[in-house]
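>>> Give me coordinates for this.
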Amino acid sequence: MNKENVVVVVEGKNDYSRLKAIYPLMQIITTGGSAINEELIKNLNELSITNEIILFLDPDGPGRIIRKNLERELSKVSHAFLDINKAISKNKRKVGIEHAKEEDIRFALDNYYKPKKSFLYSFQDLYNWGLVGSKYSSYKRKFICQKLNIGYNNGKTFLSRLNMFSIDRKLLEKYIKEYDNDDPKKN
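Below is the predicted model:
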């Protein structure tokens with residue numbers, strides 16, 4: 001991630017310090033936690049005029065809430081995701097970007113998603129593939145979310161991200177088959 005005119009948004013000062021250690025010249029803004037204030041929204045909207053805003057938030061409940069709130073408030077944002085298993089502290093009690101290995105952070109920021117307004121998939125597609133509506137749907141979605149590096153989410157958000165990021169149908173079907181072939185009874 002050596003792009004100019006990019007601002008990366010993280011949750012707190014530890015995430016900020018971790019990214020600065022890897023990318024000393026990167027522009028980084030912290031949300032200061034889940035209480036998003038109007039001044040932050042105003043600043044990010046102003047920055048988005050001349051910069052690309054990338055949300056890189058912790059892969060936990062508060063991080064998902066912050067991502068959802070910022071996505072709703074900002075006119076255009078991109079998304080970088082870190083798998084929760086790669087963001088767990090050594091004592092296994094905390095989750096956050098600051099706990100991730102450098103190569104995992106680099107991968108997430110090198111493979112971020114720019115949203116597009118496309119409608120490639122429907123809820124019926126997800127149902128047909130067993131990604132919603134079966135007792136194993138959440139496991140299948142989790143597997144595919146990890147493969148696509150789009151952060152784990154429920155069926156509605158999963159559908160939104162597939163469309164927003166214009167995920168290639170062949171790639172998605174490849175991962176669905178991979179999951180199905182691994183354990184055919186979990187369909």
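>>> for this structure, which spans come out with low pLDDT?
Scanning the chain for pLDDT under 70 picks out 1-2, 183-187.
>>> repeat that with 90
By pLDDT under 90, the low-scoring segments of the chain are 1-5, 32-37, 49, 61, 68, 71-76, 89-93, 114-119, 151-153, 181-187.
>>> so who does the most centrally placed residue in it touch?
The residue lying closest to the centre of the chain (C-alpha atoms, centre = their mean) is Phe81, at 3.3 Å. Residues counted as contacts of Phe81 (C-beta atoms under 8 Å, 6 or more residues apart in numbering) are Pro59, Ala108, Tyr112, Tyr113, Asn149, Ile150, Gly151. For glycine as for every other residue, the C-beta is placed from the backbone atoms N, C-alpha and C.
>>> again, only this time at 10 Å
Contacts for Phe81 (C-beta atoms under 10 Å, 6 or more residues apart in numbering) come out as 55-57, 59, 63, 67, 108, 111-113, 145-146, 148-152, 161.
>>> Inside helices: which ones of the residues you listed?
Among the contacts of Phe81, the members found in helices (DSSP state H) are Gly63, Arg67, Ala108, Cys145, Gln146, Leu148, Arg161.
>>> so who does the closest residue to Ile150 other than its chain neighbours touch?
Once flanking residues are discounted, Ile150 sits nearest to Arg161: 5.0 Å by C-beta to C-beta, 6 or more residues apart in numbering. Shown in contact with Arg161 (C-beta under 10 Å, 6+ apart): His79, Phe81, Tyr113, Pro115, Tyr121, Cys145, Leu148, Ile150, Gly151, Asn153, Ile167.
>>> now the helices: where do they sit in the chain?
With DSSP H, the ranges of helices along the chain come out as 13-22, 38-47, 61-73, 102-110, 123-128, 137-148, 155-164, 169-182.
>>> Nearest to Lys3, out of those helices?
Closest to Lys3 of the helices of the chain is helix 102-110 (C-beta to C-beta; 9.4 Å).
>>> helices and strands around the closest one, which ones?
helix 13-22, strand 52-56, strand 78-80 (3 or more C-beta pairs under 10 Å, 6 or more residues apart in numbering; DSSP states H and E).
>>> if we go to 8 Å?
In terms of contacts (3 or more C-beta pairs under 8 Å, 6 or more residues apart in numbering; DSSP states H and E), helix 102-110 is packed against helix 13-22, strand 52-56.
>>> In contact with the residue nearest to Asn43 when sequence neighbours are not counted: list those residues for me.
Nearest non-adjacent residue to Asn43, counting by C-beta to C-beta, 6+ apart: Ile29, 7.3 Å away. With contact taken as C-beta under 8 Å, 6+ apart, Ile29 is in contact with Val7, Val8, Val9, Val10, Leu40, Asn43, Leu44, Leu47.
>>> Sweet, I'm off.
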